[in-house]
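1. Quick check, what structure comes out for this input:
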Amino acid sequence: MPGGRLTQQERRQIALGLADGLAYAEIARRLDRPTSTVTREVMRNGGPTGYRADLAHRATERRAHRRRQAAPRGAEASPQPHGRDAEAVREYEETLTTVFMASGMSKMTARVMASLYTTDSGSLTAAELVQRLQVSPATVSKAIAFLESQDLVRRERDERRRERYVVDDDVWYQAMVASARALDQVVETARQGVGILGRGTPAAARLEGAARFLDFVSESNIRAAEQAREILHTTAVPDGQPS
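-> Numbers count the residues shown, from 1 in each chain. A predicted model of the protein is given here:
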């Protein structure tokens, strides 16, 4: 599998694949590249409907130039623990950010989420996020507010009484349950429409079908989340203990 940065020709192939309606995985297969590489490339350069190969290539060259200029200062400011490759970590954070964006997050919200997930402690203060992402406190606050509304982060106080934003094993469980519960209102409203529009009419049948489908999905997702949480917590093995 080839490594290194995408070439201009590869970017043109990506653009052609998008124009043909191909999935990222299929485009990646044809290029013999990881799907994450293609996904990140497209999402960073206009998305599936706005991607332009030549513009993407020039934008990438500009970003690479800026990184080279800032490399000495950045390396000193962000030492990597555990002997990690700083460039590999940076590339992975970009990939994770892109994946979060593809799930519906805004770019800044995805960057905050990726930062939290790639930090060993799983938590950062607002000041640490500001320094890490080089953005304003207001920008961080807005991103955190969205993540909290989705139950994807929680707040806690550390020993210095500083507020920290945390991701842990329960975050995805809480988020899945909250998302499933949010469907309940849609189900209830759809069923109200059945009575108003007249049971047996095409419109009412459509709403009843939607309600039944979403109700089933909601309950199935909650059961799956609860089962997964129970299994994973039960089978977790402490560090240093034999499995």
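2. so which helix or strand takes in the residue nearest the centre of the chain?
-> In the chain, the residue lying closest to the centroid (C-alpha atoms, centre = their mean) is residue 100, at 1.4 Å. In this structure, residue 100 sits in helix 86-102 according to DSSP states H and E.
3. Same question for that helix: list its buried residues.
-> 93, 94, 95, 96, 97, 98, 99, 100, 101, 102 (16 or more other C-beta atoms under 10 Å). Every C-beta, even on glycine, is put in place using the N, C-alpha and C of the backbone.
4. now the fifth one: how far from residue 25?
-> In this case it means residue 97. 19 Å (C-beta to C-beta, to the nearest Å).
5. With the first one instead?
-> Between residue 93 and residue 25 the distance is 22 Å, computed by C-beta to C-beta.
6. Next: residue 39.
-> 9 Å.
7. Next, the nearest residue to residue 163 once chain neighbours are set aside: secondary structure please.
-> Counting by C-beta to C-beta, 6 or more residues apart in numbering, residue 155 is the residue found nearest to residue 163 once chain neighbours are left out, at 5.6 Å. Secondary structure state of residue 155, per DSSP: H, G, I helix; E, B strand; the rest coil, is strand.
8. Now for residue 155: which residues touch it?
-> Residue 155 makes contacts with 148, 163, 164, 165, 166, as judged by C-beta atoms under 8 Å, 6 or more residues apart in numbering.
9. do residue 13 as well
-> 27, 30, 31.
10. Return the set of buried residues in the longest helix along the chain.
-> For the chain, the helix reaching the highest residue count under DSSP state H is reported as helix 202-235. Buried residues in helix 202-235, counted by 16+ other C-beta under 10 Å: 204, 207, 208, 210, 211, 214, 215, 218, 221, 222, 225, 229.
11. Give me the distance between the third one and residue 214.
-> Distance, residue 208 to residue 214, by C-beta to C-beta: 11 Å.
12. Ok, the second one next?
-> As defined by C-beta to C-beta, residue 207 lies at a distance of 11 Å from residue 214.
13. Residue 164 belongs to a strand?
-> Yes. When the secondary structure is assigned by three-state DSSP, residue 164 falls within a strand.
14. gap between stretch 219-233 and the chain center?
-> Centroid separation between stretch 219-233 and its chain, computed with C-alpha atoms, centre = their mean, to the nearest Å, is 21 Å.
15. same thing with stretch 153-169?
-> 20 Å.
16. buried residues in that stretch?
-> Residues of stretch 153-169 classed as buried: 153, 154, 164, 165, 166, 167 (neighbour count, 16+ other C-beta under 10 Å).
17. Residues contacting stretch 90-106, please?
-> Contacts with stretch 90-106, where a contact means C-beta under 8 Å, 6+ apart, come from 36-37, 39-40, 43-44, 107, 109-111, 113-115, 117-118, 143, 146.
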